[in-house]
Structures are given as C-alpha cells and as structure tokens.
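Enquirer: kindly return the folded structure for what I paste below:
(2 chains)
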2 protein chains.
Amino acid sequence: MSAYQSFRDHIAQINDLLNVFNILNWDSHTQMPHGGAETRGHQLATIIQIAQERFASDTTARLLDAVEPEVEDDDYYSYRRREVQNTRWAYDIARRIPATLMSRVVGLRPTAEQAWVDAKKHNDFARFAPYLQQAFDYQKQLAEAIGYVDHPYDALLLRYEPEMNVERLRYLFNTMKATLIPLLQKIVARGDVARSDFLYGDYDEGKQREFALGLAKQFGYDLNRGRLDISAHPFEVSFTRNDVRITTRYQRNYLPGALFGVLHETGHAIYEQGASPTLTRTALTTDFLGNYAVAGVSFGAHESQSRLWENQVGRSRAFWQLHFPTLQRTFPDQLANVTADEFYCAVNRVRPSFIRVEADEMTYNFHIMLRVEIEIGLLDGSINVADLPEIWRAKMQEYLGVVPPTDTLGVLQDIHWSMASIGSFCTYTVGNVMSGQWMAAARRDLPTLDSNLSGGNYAPLLAWLTEHVYRHARAYSPNELLIRATGEPLNPDAYLTYISEKYSDLYDIA
Amino acid sequence: MSAYQSFRDHIAQINDLLNVFNILNWDSHTQMPHGGAETRGHQLATIIQIAQERFASDTTARLLDAVEPEVEDDDYYSYRRREVQNTRWAYDIARRIPATLMSRVVGLRPTAEQAWVDAKKHNDFARFAPYLQQAFDYQKQLAEAIGYVDHPYDALLLRYEPEMNVERLRYLFNTMKATLIPLLQKIVARGDVARSDFLYGDYDEGKQREFALGLAKQFGYDLNRGRLDISAHPFEVSFTRNDVRITTRYQRNYLPGALFGVLHETGHAIYEQGASPTLTRTALTTDFLGNYAVAGVSFGAHESQSRLWENQVGRSRAFWQLHFPTLQRTFPDQLANVTADEFYCAVNRVRPSFIRVEADEMTYNFHIMLRVEIEIGLLDGSINVADLPEIWRAKMQEYLGVVPPTDTLGVLQDIHWSMASIGSFCTYTVGNVMSGQWMAAARRDLPTLDSNLSGGNYAPLLAWLTEHVYRHARAYSPNELLIRATGEPLNPDAYLTYISEKYSDLYDIA
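Expert: Model prediction:
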C-alpha cells in the first residue's frame, strides 16, 4: 500500500467520526426526545475525543512524514498535494494547543452559559462579566499557544477565516463604513416607502414548507441527498455530500422567517452537495481545527453561498416578479391585495434595530463590525469587560443611530461569548462581501445570467458556482478561489456597488 | 482512581460507541435520504471497528485483571460484581474469535444477500445454495473457535440465548409439540368461528398511529424518552434508557399490522426504559459479543416482553372489551357493525400459513421449530444444504399440515441465513415461553392483576416486571431472573396452559 493510501485511510476514519458527530448533533436538535440529552452529551464527548486523539496522534505525524515526499512533485494545485498540505498545516497547529487548556475552555462553557442565561433574564451584565473575562483570558492563552505575528486575534481567526487578520478586517470595515454609513443615513431619513403589514398574516406552516422547499429544489437542492426538518435554531449540516440536511423554524404569523431561512440554508446545502465525489472522506472535506466534517473551505465562504442564494437571488426584484404569483396562489387571502413589487419592497425593508438575528440585509453588517471590534479590543486589552455595556451603546449610536434600552437587548443578546466562540462573527460580513464578488464574476462570465434568473433557470448559476467554488471543497483557500474565479482576492467593491444600487433604487435615493 | 472506576470509564466509552452505532442504524432506517447509504456504510464500519478494537484490546485485559480482586468479595448478586464477571466472560470468548474469520463472515454477507434476493425472485434455491453452504461452513469454524461441550450449535447460541443449548431446545420443542400439534389439529378441524372481513377496511394511517400510540402510553411507554417513527421493517432500538425509539409500518388496508406491531415494539421499549439508571453506560447495558448497546439480557428475554404486552395483554378478551369502544369511535364506518368480542376473535384467528412473519400467535412456534431444527442439522452435518427444500416441505406438512407451493414461499422466505445470522430463531419461542412464566408469576403475586388489567390500569404489571426483570438489565441471566421471580427456570407449562385455555375457549374445544 502506498504511503498516500495509508494516509488517506487514516484520515477517512477521522472524517467518518466527525460526520458521525454531525449526525448526533442533527438528531439532538431535530429528533431526540428531551430525556435523551444527558447521555447524548456523553456520546458526543466520546466521539469527539476519539477523533481528536486520532488526529493529534503520533500516527498522523508518521503518516504525514511518509506521504510528504510522495506528493512533493505533484502540481501545486493538485488535490492530492492539498490533502497532505492542509493536514500538515492543521496538525502543526493542533499539536501546539495544550489539551489541558482545551478542557478548561470546554469545562467553562456550561457555567458560563448558565450565567449568561441568568444575566440576560435579569438584564444584569455584572452576573456574566466574570465568566466573560475568564473566557477571554482562556482565548488569550489559546492565541499565545497557537502563535501569531501581529495580533492575538489573528490566531483565533485561523479556525474560522484563516486568511483574515486584524489589519485586513480593519481596512475592510473602514472601506465598508465609508459607503454604508451615509447610505443608511439617507435611507433612515427617507423612512418607510412601502407597506409590509401583510408579512404578519396567518400563514399555514405546511404551505410555508411546501412553497419554500419548492424554491430550494429549483435552486438545485437534491432531496435524494437531503431533507428539511424543524429545529429551534435553523442550521445546515452535512454527513458527506451524499447526505446534506437543513432545518427551519416556522412562524405562523411572520412569513419571511421560514421562507428566507430555507433559501439561506439551501445555499449552504448546495455548497456541500456540490463537492467533488472524489473528495468524500478526505482531508479536503475535513476541518481538523474545528473538529468538523465539512466541504466548505471557510465560514465566510460558506456564508457567501447562503447569502448569495438568499439575498442576491432570493431577495431580488426579478425573483419575486417570477415567483410572487405562485406565492399568492398559495396564500390567496393573506396576499389578496399585494403586488409583486410591494412584496419585493417589504422583504427588503431597512430598519436599524437592536437585535442582530432580526436585522435586514444591510444593517446586519454593522452588528458584525461592532462585535468584531469589541472582540479585538477585549483580546488585546484595549477594552475592559466592565466597560462593554457602554461601548456597545456608543457603537450602536455611531453605526445605527439607535441605542438599546437594556443590556438584554444589547451586549447580552448573543450566546456566542458564553460558548467561548471568539472569532467567528466576522465571517458573516466576509460572506456578504464574497457573495458580491461571486455574483459579479458570474455575470461577467455568463452574459445571459440575468435573463436566466428572471426566467427561473438557476442551473447556469449553480453550474458556475460548482465549477469555481463547490467542487473544490477545501482544496483552495478563499482567496485562491476568488483569484481564480474573479481575478482578485477579497474586495468589498462589488458588494458595495450591489448594496448601493439596490437600496438607492428601493429608497429612491439619487 | 479505583480500578473499578477505571474499568467503568473504559466500558462507558465502548457503550457510547455502541449506542452511537444504534443511532446511525435508526437514522438509516427512518430518516436518511437514499443517497446517503454508501457513506453511512463507512460510518457504521468505522464506529463498530473502533468499538471492537477497544473491547478486544489488551487494555480491557489489564483493567479486568486489576478490578477482579477489588470485587471478588462483593455479594454474588451485586451489580458491580456482575459488571466485571460479564465483561470477563464476553472478553474471553471474543478473544477466541479470529478477526480474519469475522471479516470473512462479514465479507460474505453482501454477495450472499444478493444471491438470496435473486434466488427468491426466481424461485431457484440452487442459486442461493452455495452461499448458504459457505455461510454455515464459516459458522462451523466460528463454533469451533468459540468452543462447546456437546454440539457446535451451542456455541452459536451464546450470542442470543446464552443458557440455551441443543439438548434443552429439543426437550423444549418436544414438550411443546405434544400439546400444540393436537390442539392445532382440533382448531383446523373446527374451521373459522368468527368473521374477520372488517380487519381489511380502509384505515387512515394518522388515526392508526394515534390510537396505537395512545395504548403504548397507557402501557407505560415514556415519550419523554422515546418516539415512534415509520420504517419498512418495524423495530425497537435504544440509545441508553433515556432514548428508546420504536418504529412501525402502516398498512392502510389491514388494521392489525401497525396496531399490534406498535404494542409489540412497546413491550421491547418499556423493557429498555425500565433499566436501573445506575446501569446506564455500564457493562450491564452492553452486549459485548453482539456489539450492541442494550439493556435486555437476552434476545428471548426481550421477546418475552414484546410478546407479553402484545399478546398476553393486547390480544386478551378483557383488553378489547375495554378498548374496542374507543377503536370503534376512531373508525366508526369501518367498525360499524362489529362487536368487541368479534374483534377479539378476529385478531386471534389461527390459520396455518406459509410465511413466518404473517403467522398467528400459536402457529408461529412451529415456524421457529422448523428453522431451528434445520440450523442444528446443517451445523452438525445431519442435513445437507441440497436437501433443504424437501426437508422444509416435509416439516411444514408435519407441523402445520400445509406445504408451500414454491421455495420462495418456503425455504427462501427469510433474510437471516444470507446475513450469517444463525442461532437467533429459537429466541422467539423462548420469548413466548418466558412470557407465560412472567404472567403466571405476576398473577400469583398480584391478586388484583386481572381486575387491574380489565380496568386499563397497567401500572401494577409494569411495576412487577420492572422490579423482577427490567431494572436488572443484563445483571442476571434469564434463568436467574426466572428463578428469582417465578421459582423455576425456563419451563413451557405456563405458556402451554395459557395457549390451551385461550384457544380451547376461542374455538370451543372441549
């Protein structure tokens, strides 16, 4: 057996274990009866422990040492070489992280989460502050263990968006603010331009499901390798490209929630389903640092697909000119006196608000910038935990012009920090930016793209994205993918043009 | 850390892995999209391989050596001592089985199963014969590896019904035949005594589900730790006592299928749910030889519970006198002119038939005896594979008085042999026999049992079974449980009395 084959077999079993971990999580959130939670926790812990032990083992080192000479003459872009290279990169980082530190991080979570729930309930930030301090102290230690050149936050970003660092994030955010802040001010000054009352009617869940899933199938979501279930918090998860599942949550009195939620998760799902079959059970569908089986190359790249299909396709005027009649037939009473254009305007309404997960396509970016800036400051010591509520309010005022009346509606709203998840927020905005680049490049390459989309023919766009993004799974970094497909690395210009044109038109701004 | 704690931690992770294996299987049969089958196969193989390696490892031997002195002065019936003792017993057997032989057994399955499907489809036993021969040759080698005193079949029974052997099975079957064959002849001579046309009406699946699940809950199935789904072949599976799931298959045109199927699986489920919480993730909820996480102590003991709740409770006259009015309200048109007594008679109709899985409560035992006698003969060489079709027909004539017109309806009907599953058939009849003993002992201990059951109060019976059977999980062997609860080991008298009285009454036989 070749060194490469031995290496591949070893990785394949780690990939199996991480896919099993995904299955257990999916079941926990969609099927498991309440009573099963405690023992499910043990099952999850055992699987992840075995996967981690196997990856960080001397066996992995031995197999890497043996396979590296075998692939060193491969083409720089060959999948085989990338399998080995990516594994070596992750292995060297994983070996630098002390097991004791990781168990402290994991051990803090349950109490920190409980303190967060308690603090949020009583609008009392002080109850959560010591746990938040502890969480960031551990993350500082983690950053030191991993190592970095300029800023400790860069080490934490490796897990989520490996090519990002503090310097690039600051430049990105400043560029975006220069366009988005004045635009938002004009939108707010303009006020509501269309009605949206009909979004809050009585919408049967079964019909919501049928309509949304119909669109998902038209986008190209293959239900022979997927399914849609219900969960409290919507998500997508894959167990190889052959079994990619999504969930949603139906709100009977608010139509857009499940509708755009399904389109969003569908974007994630078709990314996973589009990975090359040759990469199944390989290092190129394994996130070793995150202990996660996944085809998407980074959180931002993944988010670029959910946002592309949800927003750039699913919230476009052409989309609703085509699909609104069907929606209206599905809900004839609720949408009796509504036009396609009114529907399009309503689902694109911009309104600064306190809560990130309820934010519209445009203001969402400010919720992200605020959080990332706070994380960076907490990690380098330029911000103190005690000052967080005040800093939160100041940034909300600066970016969105609204100030949450309570910490529950402000600094305490997200679960992330209580779970020691630091460094992932930026990937939402990175995803928005990338989605603009993909769409611009697809338009450049496919002259008939817009007429295809207007006619409901999504196959050319899916084929383009599969060719340039999906099939490669984790073989090429986000910037490699972007450069190969668009000619340049991450760049917000296309996204800012898209946002400016869309909202200038919607809000009739010169 | 004590040697016992180290031992327990090691076993707990093996138990987690086997529970995970159960979850993956449940998902495969109830939720997984078709496309997921191939990679699911890899995931299952990886999990079971890791579990087997861990159990048959030197670590297990070292931990056993260390813990045995620590528990040797424990009470003979203490759970702690039994955890160690049962693990040692299984470990010594597992170490005697060559890994190469097991991989040959497993490797034969896909081709053997394909040959069986093909042979069954074309009614051509010769196509399956060579694979059957090979399967039994491997099973002979397995029996030699495990070791036995009297008969190689005894070694194969260890996996399913460890206290059974060929001698005891022959005695059991002969005793049963002496009563059941003449009784069946009288029943057949009597002919149908009641109508059963109404069982084949048009029964809405949703209402079938609601009614059957209502009964399951009344029996004591805790849905906070369980759920009911649909699968092609009904089954029960547990992922610790905290998550015990059942499945069924609804036949729109035949009411008893799902109805009694759910009661049957409920019996399995409440056995699993009734295990003592202190035994979760221990050796006493792990079947090491079968690589299966389960609380039931043997296949027969498990079957005794499904059959007790399905047949002794669920097919009794008192049961339908109580519940038929509700069933009639659920299906008012379909059951308009039917009485409770007619329904009771219809669901207890005895009719010799070709197919085991469609057989009634009484003739089922003959289908089992026939198969077990053939397995024993194939293993000791007293029966040749080539003669099977003829032997099958002869035994069908002898026991049931009917002869299948084709091998598809005869020797080729079961999937078991193509899967190298040899030794499990007897557990169905052992389960029937045990169910008679439990019920007789419960009646003896609980003078008001029958009036409780007539009134729909199942709690006293559940409490008695939990006390004497369920809570102990795999701590005591089936005969230990029987002796402690009933005063004697496996004995068919009570079951034969139950069957004779029930069917003499139903068929008006003196």
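Enquirer: averaged pLDDT, the helix or strand encompassing A:I499. What do you get?
Expert: Per DSSP states H and E: A:I499 is located in helix A:493-506. Averaged across helix A:493-506, the pLDDT comes to 97.
Enquirer: also stretch A:269-284?
Expert: Along stretch A:269-284, the predicted local confidence has a mean pLDDT of 98.
Enquirer: how long is it end to end?
Expert: Counting by CA to CA, to the nearest Å, the length from the leading to the trailing residue of stretch A:269-284 is 17 Å.
Enquirer: cool, stretch A:226-238 as well?
Expert: Using CA to CA, one end of stretch A:226-238 lies 9 Å from the other.
Enquirer: which positions within that stretch qualify as buried?
Expert: Within stretch A:226-238, the residues scored as buried using 16 or more other CB atoms under 10 Å in any protein chain shown are A:G226, A:R227, A:L228, A:P234, A:F235, A:E236, A:V237, A:S238. Where C-beta positions appear, they are placed from N, C-alpha and C, glycine not excepted.
Enquirer: which ones among these lie within strands?
Expert: Of these, the ones assigned to strands by DSSP state E are A:G226, A:R227, A:L228, A:E236, A:V237, A:S238.
Enquirer: contact residues of the stretch 401-510 of chain A facing chain B?
Expert: The stretch 401-510 of chain A comes close to chain B at no residue, as judged by CB under 8 Å from any CB of the partner chain.
Enquirer: what sits against the residue in the stretch 401-510 of chain A positioned nearest to chain B?
Expert: Per CB to the nearest CB, A:A473 is where the stretch 401-510 of chain A lies closest to chain B, at 14.3 Å. The contact partners of A:A473, taken as CB atoms under 8 Å, 6 or more residues apart in numbering or on different chains, are A:A275, A:S276, A:L279, A:L284, A:T285, A:A295, A:G296, A:V297.
Enquirer: nearest the geometric middle of chain A, what residue?
Expert: In chain A, the residue lying closest to the centroid (CA atoms, centre = their mean) is A:E303, at 3.9 Å.
Enquirer: same for the helix or strand hosting that one, what does it pack against?
Expert: When elements are assigned from DSSP H and E, A:E303 belongs to helix A:299-307. Contact here means 3 or more CB pairs under 8 Å, 6 or more residues apart in numbering or on different chains; DSSP states H and E; on that basis helix A:299-307 packs against helix A:255-273, helix A:426-445, helix A:478-486.
Enquirer: please redo it, this time with the cut-off set to 10 Å
Expert: On a contact count with 3 or more CB pairs under 10 Å, 6 or more residues apart in numbering or on different chains; DSSP states H and E, helix A:299-307 meets strand A:236-238, helix A:255-273, helix A:426-445, helix A:478-486.
Enquirer: how far does stretch A:167-187 sit from the chain's center?
Expert: How far stretch A:167-187 lies from its chain's middle: 20 Å, per CA atoms, centre = their mean, to the nearest Å.
Enquirer: now it - C-alpha only, PDB.
Expert: The C-alpha coordinates for stretch A:167-187 follow below in PDB (Å, rounded to 0.1, in the frame of the first residue of the first chain):
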ATOM      1  CA  GLU A 167      -5.300  44.600   9.900                       C
ATOM      2  CA  ARG A 168      -7.300  43.300   6.900                       C
ATOM      3  CA  LEU A 169     -10.500  43.400   8.900                       C
ATOM      4  CA  ARG A 170     -10.000  47.000  10.000                       C
ATOM      5  CA  TYR A 171      -9.300  48.000   6.400                       C
ATOM      6  CA  LEU A 172     -12.400  46.100   5.200                       C
ATOM      7  CA  PHE A 173     -14.700  47.600   7.800                       C
ATOM      8  CA  ASN A 174     -13.400  51.100   7.200                       C
ATOM      9  CA  THR A 175     -14.000  50.800   3.400                       C
ATOM     10  CA  MET A 176     -17.500  49.500   4.000                       C
ATOM     11  CA  LYS A 177     -18.400  52.100   6.600                       C
ATOM     12  CA  ALA A 178     -17.400  54.900   4.200                       C
ATOM     13  CA  THR A 179     -20.200  53.700   1.800                       C
ATOM     14  CA  LEU A 180     -22.700  52.200   4.200                       C
ATOM     15  CA  ILE A 181     -23.000  54.800   6.900                       C
ATOM     16  CA  PRO A 182     -24.000  57.700   4.700                       C
ATOM     17  CA  LEU A 183     -26.300  55.400   2.700                       C
ATOM     18  CA  LEU A 184     -28.000  54.200   5.800                       C
ATOM     19  CA  GLN A 185     -28.500  57.700   7.000                       C
ATOM     20  CA  LYS A 186     -30.200  58.600   3.700                       C
ATOM     21  CA  ILE A 187     -32.400  55.500   4.000                       C
END
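Enquirer: and the pLDDT at A:K217?
Expert: At A:K217, the pLDDT value in this model is 98.
Enquirer: follow-up on the earlier one: state the pair within the ones in strands among the buried residues of stretch A:226-238 that is farthest apart.
Expert: By the measure CB to CB, these have their two most distant members at A:L228 and A:S238, which lie 13.9 Å apart.
Enquirer: buried set for stretch A:7-15?
Expert: Buried residues in stretch A:7-15, counted by 16+ other CB under 10 Å: A:F7, A:R8, A:H10, A:I11, A:A12, A:Q13, A:I14, A:N15.
Enquirer: let's have those residues in a markdown table, adding distance to A:L259 and secondary structure.
Expert: Supplementary listing: the buried residues of stretch A:7-15 in a markdown table, determined by distance: CB to CB, whole Å; DSSP: H, G, I helix; E, B strand; the rest coil:
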| residue | distance to A:L259 | secondary structure |
| --- | --- | --- |
| A:F7 | 45 | helix |
| A:R8 | 42 | helix |
| A:H10 | 44 | helix |
| A:I11 | 39 | helix |
| A:A12 | 38 | helix |
| A:Q13 | 40 | helix |
| A:I14 | 38 | helix |
| A:N15 | 34 | helix |
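Enquirer: and chain B, which of those residues reach it?
Expert: Contacts with chain B within those, as defined by CB under 10 Å from any CB of the partner chain: A:A12, A:Q13, A:I14, A:N15.
Enquirer: what residues does stretch A:188-195 touch?
Expert: Contacts of stretch A:188-195 with the rest of the structure, by CB atoms under 10 Å, 6 or more residues apart in numbering or on different chains, involve A:187, A:337-339, A:341-346, A:348-352, A:363, A:400-402, A:503, A:506-509.
Enquirer: which among the residues you listed end up buried?
Expert: With neighbours counted using 16+ other CB under 10 Å, the contacts of stretch A:188-195 contain these buried positions: A:187, A:338, A:342-346, A:348-352, A:363, A:400, A:503, A:506-507.
Enquirer: counting neighbours, which of the contacts of A:A473 comes out on top?
Expert: Counting neighbours by other CB atoms under 10 Å in any protein chain shown, A:A275 comes out on top of the contacts of A:A473 with 28 neighbours.
Enquirer: how about that one: what's its closest non-neighbour residue?
Expert: Across the structure, with CB to CB, 6 or more residues apart in numbering or on different chains as the measure, the residue nearest A:A275 apart from its sequence neighbours is A:A295 (3.7 Å).
Enquirer: give me the common contacts of A:L228 and A:S238.
Expert: Common neighbours of A:L228 and A:S238, using CB under 10 Å, 6+ apart, are A:R245, A:I246, A:A269.
Enquirer: tabulate the residues you listed (a markdown table), appending neighbour count.
Expert: Converted to a markdown table, these look like this (neighbours: other CB atoms under 10 Å in any protein chain shown):
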| residue | neighbour count |
| --- | --- |
| A:R245 | 25 |
| A:I246 | 26 |
| A:A269 | 29 |
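Enquirer: and which of the residues you listed is nearest to chain B?
Expert: For the shared contacts of A:L228 and A:S238, with chain B as the reference and CB to the nearest CB as the criterion, the closest is A:R245, at 8.1 Å.
Enquirer: show me what contacts that closest one?
Expert: A:22-23, A:26, A:30, A:225-229, A:235-239, A:265, A:269, A:272, B:31-33, B:36 are the contacts of A:R245 under CB under 10 Å, 6+ apart.
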